[in-house]
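Chemist: sequence first, predicted model second:
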Amino acid sequence: MLLRKILLWLALPATALLAVWSIVGAFLGAEQASKLFNSTPMVCIWCGLAVLLAVGVVHSAWRLRRPVLAVMHLGALLIIIGSMINSCRGHELARYFGIDKPVRGYMVLFRGHQSNSLLDSPDGKPAATLPFGLKLEDCRVECYPPADPTWLLVAEMPADRPAGEPQRTLLQWRSDKPTGIPGTSASVRVLRYVPCARAIYSEGTRRVLVIRCRGQKLIVPAEPGRQVMLENPRRSLRISGLYTRPSPRWNESGLDVVEDPSARRSPAVKVEIEEADGDKDKTVRLVFQDLPMHGQADGLAMRYVETWPIDAVADAASDTPAMLLEVSFADRSERVWLAPETPNMPDGLEISSLLAQAEKKDRLPEVTLYLVRPTSQIKRYQARLAVLESGRNVAEKLIEVNRPLHYGGFHVYWHYCDPVDPRYVMLSVRSDSGLTVVYAGFALLCGGIFAWGWAKPAWKSLSRRSDNGD
Amino acid sequence: MAINQAIPGYLIYAAMLAHLLAFAVLLIGPKRVGGAIFAVGFAAAAAAWTCRWIQVGHVPLQSLFEVFLTLAMLVFPLSLFCRLCLGVKAEAADALVGLLILFPAAFVFSAEPQRLPPALRSWLFFPHVMAYMLAYVVLAKAAVAAIGGLLSGDASCEQATYKMVRLGFPLLTGGLILGAVWGKLAWGDYWNWDPKELWALATWLVFGFYLHLRAASNGARFPRTSCAMALLGVVVAAITLLWVNLAAKLFAGLHSYAT
């Protein structure tokens, strides 16, 4: 009985200490808490606790003859022992016995590629290798359908500082009600929303080159390679390039223009003009949307302007909408169709361009309106992995969150992939050393506590009723 | 404070009214009538829970609104079980506990339906959370008995507290272990030192301390100390359930979706 009392009175400070440290750890956060509970003093406490539990198990089983108590304490003991085996220190210790196994790591795999190299952290350096290879056969992201399929109307304003990001604001529009654009005195009113629409453009494209020459007006769709013939004098005009952020340079062969992502956004078109008789050299002009004066050349006046759809019709085959807007600023207002951006024309509706007729562009707000697809919440990520040994495919599994791959003493988990472009996945890999011991501990602890808390009182109650003849 | 105007919302208000009436009648009126009204309150809460399940398309245990609705629904059946099987009678207090649990579900927490993120799409979601829900309701009953024991020093209250803890502690253990198994499947480790995990462990350890203390002091020799420890365990359990989720900035971690 004395040993029982000693064990109980030792268990009290041990339990209290762990409870207090758990609460301290909760305030520290997971990373610091992990360091705290794996520190050398705590390892000593864990070892002491293991010894206390071991003595308790033996005492409960042999001296007290209380198997339920022994089972639950054995469960707790196995959890501690299994966790020690599964820890970093446990793996370091195992190396002395010739078991060299990485405890954890990360792997980046592109679709169709294979690897066995483990990184020490998601953005770290190679630190270990697996005894087998993994190949990413396929990966995909499944989304829930959006709760509201209506596309979002977004206003984008320039960054408030030179290297900053543009500011995007979601406009909470209601049909036929004007909605103010934050930070400006402009407003927008949605007159019509066509959920599945085909936008109709006047010239088959959204930007056009407007050419005026001796009273003649030509509208040319802004497409590279497009060519027109002009009269008086007879000459050809060819569109040789379109740019969003052009960086022009003059060299020996003439004007050279490249797209420069760091340059200011200034849409432009490169035009080559050549005399029909070929006496003169070819003239090259870069016509900017924002700088109409650059379009003056040899009696020509060229303007590079943006157009919007002139109409939109319902089209069941389309998965994009169109929106008829009325944009108002000061005493001006314009009606225009807005269609979603397309991959080769990533431009929205620039209010300043729309309302530029009044020649007071400097006072107009620099706002671009976009239609943006509503975001869908991700339902599941899936990656099909093949396990390779000596170049041979020995196993395959479709992994996802909650469904890891278990092979060769390791668990392989889906960790991350780009939901928009799932070409690669990041996997996390964990050693399974000691896991069986931990799970056996879970089973014994749970079974023992349920037997003590539920089965034993129920059995007693039933026995009592049976003794009473109920 | 927002009024929930969906069908589950109206059912929750009806359940609150029934719990309030049941509490009053059980205190001052005929027990049978009070018990019947309590049962009506349960039926309304269960109907709200079922409607919510249909509305969100998964078992409603994700948000704090759903968690509190589930807790309230479990109060009556557990009260009945404890009265019939364990001889712990506290129906009026149970009706009051049900009312107090329903209040935040009705007026505080957002009832905005949420879809299950990939990590919650697991067969362990229901047993892990439900084990905790059952444990919390049983431990709430333990707290009521412990308050009685603290105030009166009565050994019968201490005994009722112990019976409740003996019923709830295995559920607490089951919830913790199921969570560890799930953590291993979802995140790669059965223990991640996440704040919610650490508070859950602290809860388990405080009740472990309570049981060892009770064993060391030969049962109910110090009823007030024993009740105080059980009450401390319930306070830590409440922090695990509520504070860790509500103070997300203070306790940022893997369980941050359960708001």
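Modeler: Yes, it's here.

Chemist: any idea which helix or strand comes after the one helix or strand A:Asp256 maps to?
Modeler: Following DSSP states H and E, one finds A:Asp256 within strand A:254-259. Moving toward the C-terminus from strand A:254-259, the next helix or strand (DSSP H and E) is strand A:268-275.

Chemist: so what strands line up beside that following strand?
Modeler: Note on strand A:268-275: by DSSP bridges, its sheet partners are strand A:235-243 (antiparallel), strand A:283-288 (antiparallel).

Chemist: which stretches in chain B count as helices?
Modeler: Here chain B has its helices, by DSSP state H, at B:7-28, B:31-56, B:64-81, B:91-107, B:125-152, B:155-187, B:195-216, B:223-238, B:244-246.

Chemist: thinking again about what came up before, mean pLDDT lowest for which of the strands paired with strand A:268-275?
Modeler: The minimum mean pLDDT among these belongs to strand A:283-288 (a mean of 85).

Chemist: tell me the first helix or strand C-terminal of that strand.
Modeler: Toward the C-terminus, strand A:283-288 is succeeded by strand A:296-297 as the next helix or strand (DSSP H and E).

Chemist: neighbouring strands of that following strand in the sheet, and parallel or not?
Modeler: Strands that pair with strand A:296-297, judged by DSSP bridges, come out as strand A:300-306 (antiparallel).

Chemist: and the partner strand, what's buried?
Modeler: For strand A:300-306, the neighbour count (16 or more other CB atoms under 10 Å in any protein chain shown) marks A:Leu300, A:Met302, A:Arg303, A:Tyr304, A:Val305, A:Glu306 as buried. Just so you know, the C-beta spots here come from the backbone N, C-alpha and C atoms, and that holds for glycine as well.

Chemist: and which of those residues is nearest B:Ala22?
Modeler: A:Glu306 (69.0 Å; CB to CB).

Chemist: now A:Ala339: how far from chain B?
Modeler: Distance of A:Ala339 to chain B, computed by CB to the nearest CB, to the nearest Å: 29 Å.

Chemist: tell me which other helices or strands the strand holding A:Asp256 touches.
Modeler: Contact analysis of strand A:254-259 by 3 or more CB pairs under 8 Å, 6 or more residues apart in numbering or on different chains; DSSP states H and E lists strand A:235-243, strand A:246-251, strand A:268-275, strand A:283-288 as its packing neighbours.

Chemist: now the angle from it to strand A:235-243?
Modeler: 30 degrees (axes from the mean of the first three to the mean of the last three CA atoms, to 10 degrees).

Chemist: flag every buried residue along strand A:254-259.
Modeler: Neighbour-count burial for strand A:254-259 [16+ other CB under 10 Å]: A:Val257.

Chemist: and the residue lying closest to B:Ala160 once chain neighbours are set aside, how many residues sit next to it?
Modeler: In space, and not counting its chain neighbours, B:Ala160 is closest to B:Ala145: 4.0 Å by CB to CB, 6 or more residues apart in numbering or on different chains. Each residue near B:Ala145 was counted by other CB atoms under 10 Å in any protein chain shown, and the total is 27.

Chemist: lowest-scoring secondary structure element of chain A by mean pLDDT?
Modeler: Of all helical and strand segments in chain A, the minimum by mean pLDDT, DSSP states H and E falls on helix A:351-354, at a mean of 64.

Chemist: how about low-confidence regions in the chain?
Modeler: Let's take chain A. Residue ranges of chain A with pLDDT under 70: A:162-164, A:202-206, A:215-217, A:278-280, A:292-294, A:306, A:341-365, A:469-470.

Chemist: hmm, no, I was thinking of chain B.
Modeler: B:1-5, B:219-220, B:244, B:248-259.

Chemist: centroid residue for it?
Modeler: Centroid check for chain B by CA atoms, centre = their mean gives B:Tyr136 as the closest residue, at 2.9 Å.

Chemist: tell me the contacts of that residue?
Modeler: By CB atoms under 8 Å, 6 or more residues apart in numbering or on different chains, the contact set of B:Tyr136 is B:Leu71, B:Ala237, B:Leu241.

Chemist: what distance do you get for it to B:Pro60?
Modeler: Using CB to CB, to the nearest Å, B:Tyr136 is found at 16 Å from B:Pro60.

Chemist: that older thread, can you list the strands that the strand holding A:Asp256 pairs with?
Modeler: Strand A:254-259 is paired, per DSSP bridges, with strand A:246-251 (antiparallel).

Chemist: may I see the buried residues of the strand it pairs with?
Modeler: Residues of strand A:246-251 classed as buried: A:Pro246, A:Pro248 (neighbour count, 16+ other CB under 10 Å).

Chemist: other residues contacting that strand?
Modeler: Outside strand A:246-251, the residues that touch it by CB under 8 Å, 6+ apart are A:Leu255, A:Asp256, A:Val257, A:Val258, A:Glu259, A:Asp260, A:Ala263, A:Ser266, A:Ala268, A:Leu286, A:Phe288.

Chemist: try stretch A:171-185
Modeler: A:153-155, A:157, A:167, A:169, A:186-191, A:193, A:328-330, A:351, A:365, A:367, A:369.

Chemist: are any of those residues buried, and if so which?
Modeler: Buried members of these, counted by 16+ other CB under 10 Å: A:153, A:155, A:157, A:186-190, A:193, A:328-329, A:351, A:365, A:367, A:369.

Chemist: check which helices and strands the longest strand along chain A sits against.
Modeler: Longest strand in chain A by number of residues (criterion: DSSP state E): strand A:126-143. Other helices and strands packing on strand A:126-143, by 3+ CB pairs under 8 Å, 6+ apart, are strand A:104-110, strand A:114-119, strand A:378-389, strand A:392-400, strand A:410-417, strand A:424-431.
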